[in-house]
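**Student:** With the sequence up front, the predicted model follows.
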Amino acid sequence: MRLRWDVGLGRDLGLAFWAMTFFEATFGAYMGVWPLWIEELGAPIALVGLVLGSAGFIRPLVIGPSSWLTERVDRKPLMIAARISGIAGMVVAALAQAWPILFITVVLNAIGEMVFPLLQTYVAERAHEDRARAFSMIINVGPSVALMITPLLSGALIAQWGMRSAFVLGAITGLASILILSRMDLSLPRDEDDGEAAQPNYGDTFANSSIRPLFAVHGVTILSLAIGISLIPVFLRDTRGLDPALIATLGAGSALGTALFGLAVARTPTLSNSPMRAATISCAAIVAGLFVFTFAEALPLIALAFFLRGGMFATWAMILAEMGNIAPTRLRSRAFAVLEMLGGSAMSFGPIIASQLYGISPSVPIFTGAVLGGIMAVVMGWMQWRRSDHTSADTTAIPV
């Protein structure tokens, strides 16, 4: 089968695919050693969690106004400016000599993450009825390929030049993402433009009874899983004796898991037609991985656990796909912004909780995340069952 640059999505969504790929390449360049770098610059473990979690206080202040801004400012310059901020954050981290300076990186990265709800809205606008496949390819597969490659590159660079080189790599991939954004048509499609009278606010978004439960499920699920994964690099170094370069390399396994799951969704109608069913399966996968991290010492089992950890971002992507399906057009931009604020803040607050649990025992935060994540997998499975049951009932009620 002939390979296409747009991976079969068309020009608009193909560019979105590559933009998101390079967004996540930046994340993949440093994520494996980020807690180790904070600790390397002198922060005790409790403050490592504080630095990791501080973005949770900043992100809502940045992402919250993003929908309001896009109603008044063109999306393209807004997204490019956000990515420039993210690049600046990487440069600050690479040059930092003391851990408090890293709070500047946290702020700049939070501004850079404004692009995510904007691009998610863009995908939902242009994917129409095939949103699960589009979100699976753009949010799962493309970024996962980047997250397989950049940790390997990062691990090689760290082995040669130290952890600062990971942030230099992140800045380079950030520049690539800006080049792609500059090629995109980010204007609002005519059929999505509801005019001034239809412009909603966040109160309207939270008042919608169809999408409000998904906010709660998303926030609690990501918080639960974030508690489990946040300090895995520190855990593996302190209790399993693994080298930071090896930990960064093993991180590619998570991306492989996410990519394979995304391809499975794209090619399986049962999953692509039921994003919450797919989210349930992927959440169960990372729960299994967290249990393996907790109890396994053999390197092949740890590698398997990293592979299963890929279920976290697969779960996130499927919740986005579900939101794209159920959110009314006029609420969609703010709905994605709320998901990003909830998910991003959960990813930030998770390390704060995890660092406190780590003081009890290094394995406690991972085990806690596994238990809570398992509960949320059951909740999502129940939501899918209820929806399927109601759909069947509605179908049965239609007169012949």
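**Tutor:** Yep, that arrived.
**Student:** Please tell me how far residue 220 sits from residue 57.
**Tutor:** To residue 57, residue 220 is 19 Å away according to C-beta to C-beta, to the nearest Å. Where C-beta positions appear, they are placed from N, C-alpha and C, glycine not excepted.
**Student:** ah, wrong one, I meant residue 138
**Tutor:** 29 Å.
**Student:** my guess is residue 45 contacts residue 237, does it?
**Tutor:** No: using C-beta atoms under 8 Å, residue 45 is not in contact with residue 237; the gap is 11.6 Å.
**Student:** ok, back up a step: neighbour count: residue 220 and residue 57, which is higher?
**Tutor:** residue 220 (17 against 13; other C-beta atoms under 10 Å).
**Student:** element containing the more buried one, please.
**Tutor:** According to DSSP states H and E, residue 220 maps onto helix 212-229.
**Student:** So what touches that helix?
**Tutor:** Residues from elsewhere that reach helix 212-229, judged by C-beta atoms under 8 Å, 6 or more residues apart in numbering: 206, 283, 286, 290, 293, 309, 312, 315-316, 319, 322-323, 326, 338-339, 342-343, 345-351, 353-354, 357, 365-370, 372-373, 375-376, 379-380, 383.
**Student:** Give me the buried entries from these.
**Tutor:** Neighbour counting by 16 or more other C-beta atoms under 10 Å classes 283, 286, 290, 293, 309, 312, 315-316, 319, 322-323, 326, 338-339, 342-343, 345-351, 353-354, 357, 365-370, 372-373, 376, 379-380, 383 among the contacts of helix 212-229 as buried.
**Student:** Identify those among those that sit within helices.
**Tutor:** 283, 286, 290, 293, 309, 312, 315-316, 319, 322-323, 326, 338-339, 342-343, 345-351, 353-354, 357, 365-370, 372-373, 376, 379-380, 383 (DSSP state H).
**Student:** middle-most residue in this structure, spatially?
**Tutor:** residue 313 (5.2 Å; C-alpha atoms, centre = their mean).
**Student:** And for the closest residue to that one other than its chain neighbours, the neighbour number?
**Tutor:** In space, not counting the residues next to it along the chain, residue 313 is nearest to residue 258; the distance is 4.9 Å by C-beta to C-beta, 6 or more residues apart in numbering. Neighbour count for residue 258, taken as other C-beta under 10 Å: 32.
**Student:** Going by neighbour count, list what's buried in the helix or strand hosting residue 258.
**Tutor:** Element membership of residue 258, judged by DSSP H and E, is helix 252-267. Within helix 252-267, the residues that count as buried by 16+ other C-beta under 10 Å are 252-262, 264-266.
**Student:** tell me the angle of that helix relative to helix 311-326?
**Tutor:** 30 degrees (axes from the mean of the first three to the mean of the last three C-alpha atoms, to 10 degrees).
**Student:** Show me what helix 252-267 is packed up against.
**Tutor:** With contacts taken as 3 or more C-beta pairs under 8 Å, 6 or more residues apart in numbering; DSSP states H and E, helix 252-267 sits against helix 131-135, helix 142-161, helix 269-272, helix 275-295, helix 299-309, helix 311-326.
**Student:** Please identify the deepest-packed of these.
**Tutor:** Greatest average neighbour count among those goes to helix 311-326 (a mean of 26), per mean count of other C-beta atoms under 10 Å.
**Student:** what's the average pLDDT for that one?
**Tutor:** In this model, helix 311-326 has a mean pLDDT of 86.
**Student:** and the angle for it with helix 275-295?
**Tutor:** Using the same axes, to 10 degrees: helix 311-326 against helix 275-295 is 160 degrees.
**Student:** relative orientation of helix 311-326 and helix 212-229 in degrees?
**Tutor:** Using the same axes, to 10 degrees, helix 311-326 lies at 170 degrees relative to helix 212-229.
**Student:** Go through the helix or strand harbouring residue 62 and flag the buried ones.
**Tutor:** For residue 62, the host element (DSSP H and E) is helix 55-63. For helix 55-63, burial by neighbour count (16+ other C-beta under 10 Å) applies to 55-56, 58-60, 62-63.
**Student:** ok, then the element right after it?
**Tutor:** Next element after helix 55-63 (DSSP H and E): helix 66-70.
**Student:** now that following helix, how far from the chain's geometric center?
**Tutor:** Centroid separation for helix 66-70 versus its chain: 20 Å, with C-alpha atoms, centre = their mean, to the nearest Å.
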